Structure formats: C-alpha cells, structure tokens
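Asks: quick one, fold the following:
(one chain, ligands or ions: 2)
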Amino acid sequence: MEFPDESFQEIVEGKTKLLVPKKSLTDKVPPKKPAFFNPKARLNRDFSIIAYAAFLNNFQAPKIFLEGLSGIGARGLRVANELDVDKVVINDLNPTALKMAEYSAKLNKLENVEFSEKEVCRFLSQYSKKGERGSIVDIDPFGSPAAFFDCGIRATMHGGILSTAATDLQVLNGLFQEACKRKYGGIPVRAEYGNEIAIRLILGCLRVVAARLGVTIIPLFVESDMHYYRTFVKILNRPDQQNNLGYIVHCKNCRHRKISLETQQTCELCKLKINLAGPLWIGKIFEKDFIQKMLLEISNLEIDKNCEKTLNKCLAESEMPGTYFTIDEIASKMKASPPKLENAISNLQKNNFLASVTSLNPTGFRTNANIDEIIKIFQSIQ
Ligand SMILES: C[S@@+](CC[C@H](N)C(=O)[O-])C[C@H]1O[C@@H](n2cnc3c(N)ncnc32)[C@H](O)[C@@H]1O
Ligand SMILES: [Zn+2]
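Replies: Ligands and ions are numbered 1, 2, ... in the order given. Purely as a prediction, here's the structure:
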C-alpha cells in the first residue's frame, strides 16, 4: 500500500475509491503518463455500470468481466465493487496504471480482481476457448477499436456482452473518408446525424467480423457524447441469417434520408444525385427490453442523474426508424425559427406519423415522415 506521493490523489467515483494522477484532474487533456484517467468519462462509466448491472442481473453463467485496456482500472474496479460479479480481470500495457489499480483494489478491499500486463489481443486470446470466455468484455482504446474486434468477439461467451468505445471521431464523421473505409469497411457522409452514422459504421464492422467467425451480434444499447461512441452488443455463437448490413441514403440537396438495403443513385424526392453512407448496420441499435432493464437498475446504483433522462429517450426511440432529423436543420431549410421539440413531435403524431425524441441529439427527433411531410407539418405550427 506504499504507493502515493503528492502527484497522486484518491477520489471516489460511483461507490468506488480510485487512486488517480493529480494531473488528470487538473490538465485540460488528461495525460497518458504516468497513467491515463479521464474524470470527464465518469458519465460514460456510469452508463457501463448500468448496462452491466442490467445484464448481470439476468445472467446465469459465471460472471466474469474482462477489461482489455483498463488504464488505472476505473471501470473494472467499479464493476468489481458496485456489481455482483465472480471475477474481474484488469489488463493494461502500462505497469504504473496496473500498480495504481492494485492500490485502489486494496483501498476498496476487493478480492475478486486479477491484474494482467499484456498486449490487449494477447490478453483476450487467453480467454478465447469455450468455457474460459468472459461474460462481459470491455474494449476502450485510444482511437479506433476496430483492430480488437476479432479478439474481443472470440473472448466473449455465448450470451455475453461485448462493449467497445471509439474516439476516432474525425475518421468516423467523414473528415477522412478513406481512413474510415480502411478501418471500418464503410464510408460516412457528413450530416447533422453523423453520430448515428458513426455508430452504425462501428456496428457494421463488428457485424462483418462476427459473421466471419460464425457469430451473431445483437446491439443492446449505444451512447455517445462529443468525445466518443460506445456500443454494447450481445454475442450469440450462431451464424447471423438477417440482412442487417446496408446503407444510409442521404440527399444533401433536399435533406431526404433513409435506411436502405440497396444502393441508390438519385433522390426519390428531388431526383438529384444522392450520397451513400455504408455499408453499415441497418438493424436496431437499442433493444427495448434491455433499456427497460437498465432503467430498473438505476435506483440501486450511484450514478449521474442525467443517465435516467438519456435512457428514457433511448426507450422512446428504441422501435423507431433509423436516422434522425434536428429541428434546427429543418428550421434553417425553411428559413424560419425552430418550433419546440415537443410541439414538433406531437404535431407529427397528430398527423398519424411515428415520432419520438432521440438520445443522440438534444434537438433531434425520429419519424417515419419524410422531409417534405415534416416541412408541411412544421409550416402549420409556425
Ligand atoms: C482510453 S485508455 C483506457 C481508459 C479506461 N478504460 C477508463 O475507463 O478509464 C486506453 C488504455 O489502453 C492502454 N493500451 C494502449 N495500447 C494497448 C495495448 N495494445 N494493449 C494493452 N493496453 C494498451 C493504455 O496504456 C491506456 O491505459
Ligand atoms: Zn433530394
């Protein structure tokens, strides 16, 4: 326990004590040395805790959490301390990060945590044999997680969860299209709902790797903020028979958009040339039942109040069409001031369209009305 000097500090996140580098609390960008910890990612870790709680509560097989890129162990230690798990294995290449994680494990009197200092794929490969896999596998790298999809899927047991985070936002949002094609096998389109396109590109890439391994992925929950995209998928050891790879068709002229199994050359509304994002995941990105289970866990956990608000939005949008609009982009197209989001949604519903908020954008809404129909309805409420 003889670790800390004045460059380290003990904090509490959730219900868990963590030893962190002091500089990670004061510097604008948390430093990678002596070890990485991002205090602003607390909300992101809170969502993981809720998702893992919902999953573990209903899971019968051994409850083993494998964290491939743990940093100082914030997520894994919280899982060990705040949830009902049999074993947590925390892995990172940085020995200082691991020493800090070990120190924090003692602070919390945890006995269900093991530590490993390996390259992430070597670590996960140790758990790729049937009977030895993790029930939850977490992959949280700097940048793209795509290089770890194979070993992540192989290390996740049948019925388990694989969660990945991506922070290469510029690649996924269309600034470097070629890099995106190379890493994720699909191309993005720059659009207001770019975060949904990015998430679907990540899921599309996971789906391709899973299919190669004869495995199915079922997205349960996704979340994003300004700095990352995170996906939670269930892994089933059977081939996927569904057609869940396709495209997002986006018209930069009239702003029509839709999810499509096939490519398309022209916009069906304005007849001009259309842009295509993909190939990407075109199936559901939220499982309604799982989001309901997440909401039920909230009262048992020490998490940020905003999580509940976001999850209620996820529930509302879970069965809605893919791709969303924002009231601002439509108002700017109409050269009018935007209506209130609630008004826009209730008017769409009054006109017999499906409509809901979306967790992916505070001014976003999902609907099965097309852009022309939306504008007509917005004109009637100005
Ligand atoms: C984004 S940080 C992880 C943050 C952590 N999951 C959290 O929630 O606080 C990425 C970590 O990956 C580690 N890392 C980078 N490349 C690695 C590799 N190939 N194998 C194992 N660890 C690696 C770094 O040392 C760093 O601690
Ligand atoms: Zn068009």
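Asks: which residues sit against stretch 307-319?
Replies: With CB atoms under 8 Å, 6 or more residues apart in numbering as the test, stretch 307-319 has contacts from 43, 46-47, 50, 221, 223, 284, 286-288, 291-292, 294-295, 298, 324, 356-359, 366. In this view, the C-beta of every residue, glycine as well, is placed from N, C-alpha and C.
Asks: confirm residue 115 sits in a helix?
Replies: No: counting by DSSP: H, G, I helix; E, B strand; the rest coil, residue 115 is not part of a helix but strand.
Asks: picking that back up, within reach of ligand 2, which of the contacts of stretch 307-319 are there?
Replies: The overlap between those and the neighbours of ligand 2 (CB under 5 Å from the ion) is empty.
Asks: so which of those reach ligand 1?
Replies: For ligand 1, no contacts are drawn from the contacts of stretch 307-319 by CB under 6 Å from any ligand atom.
Asks: just the ones in strands from these, please.
Replies: Of the contacts of stretch 307-319, the ones assigned to strands by DSSP state E are 221, 223, 356-357, 366.
Asks: looking at these, which is nearest ligand 2?
Replies: residue 366 (19.2 Å; CB to the ion).
Asks: give the helix, strand or coil label for the most centrally placed residue in the chain.
Replies: For the chain, the residue nearest the mean C-alpha position is residue 230 (1.9 Å; CA atoms, centre = their mean). Secondary structure, three-state DSSP: residue 230 is strand.
Asks: and it, what's its pLDDT?
Replies: Model confidence at residue 230, given as pLDDT, is 98.
Asks: do the same with the one 4 residues further on
Replies: Reading off the per-residue confidence, residue 234 sits at a pLDDT of 98.
Asks: and the helix or strand where it lies with ligand 1, contact?
Replies: In the assignment (DSSP states H and E), residue 234 maps to strand 229-236. No: judged by CB under 6 Å from any ligand atom, strand 229-236 stays clear of ligand 1, getting no closer than 10.5 Å.
Asks: any idea how far whatever helix or strand comes next after that strand is from the chain center?
Replies: Scanning forward in sequence from strand 229-236 by DSSP H and E, the next helix or strand is strand 245-250. Distance of strand 245-250 from its chain centroid, counting by CA atoms, centre = their mean, to the nearest Å, is 20 Å.
Asks: in terms of secondary structure, what does strand 245-250 contact?
Replies: Packed against strand 245-250 by the contact rule (3 or more CB pairs under 8 Å, 6 or more residues apart in numbering; DSSP states H and E) you find helix 194-212, strand 257-260, strand 275-281.
Asks: could you pull out the buried residues of the host helix or strand of residue 170?
Replies: Element membership for residue 170 (DSSP H and E) is helix 169-172. By neighbour count with 16 or more other CB atoms under 10 Å, helix 169-172 contains the buried residues 169, 171-172.
Asks: could you dump that helix to CSV, C-alpha only?
Replies: Coordinates of the C-alpha atoms in helix 169-172 are reproduced here as CSV (Å, rounded to 0.1, in the frame of the first residue of the first chain):
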residue,chain,number,x,y,z
LEU,A,169,-14.4,10.8,-34.3
GLN,A,170,-12.9,12.7,-37.3
VAL,A,171,-12.5,9.4,-39.2
LEU,A,172,-16.0,8.2,-38.3
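Asks: what mean pLDDT does that helix have?
Replies: Helix 169-172 shows a mean pLDDT of 95.
Asks: can we start the residue count at 310 from this point?
Replies: That works, and once the first residue is 310, the last one we named lands at helix 478-481.
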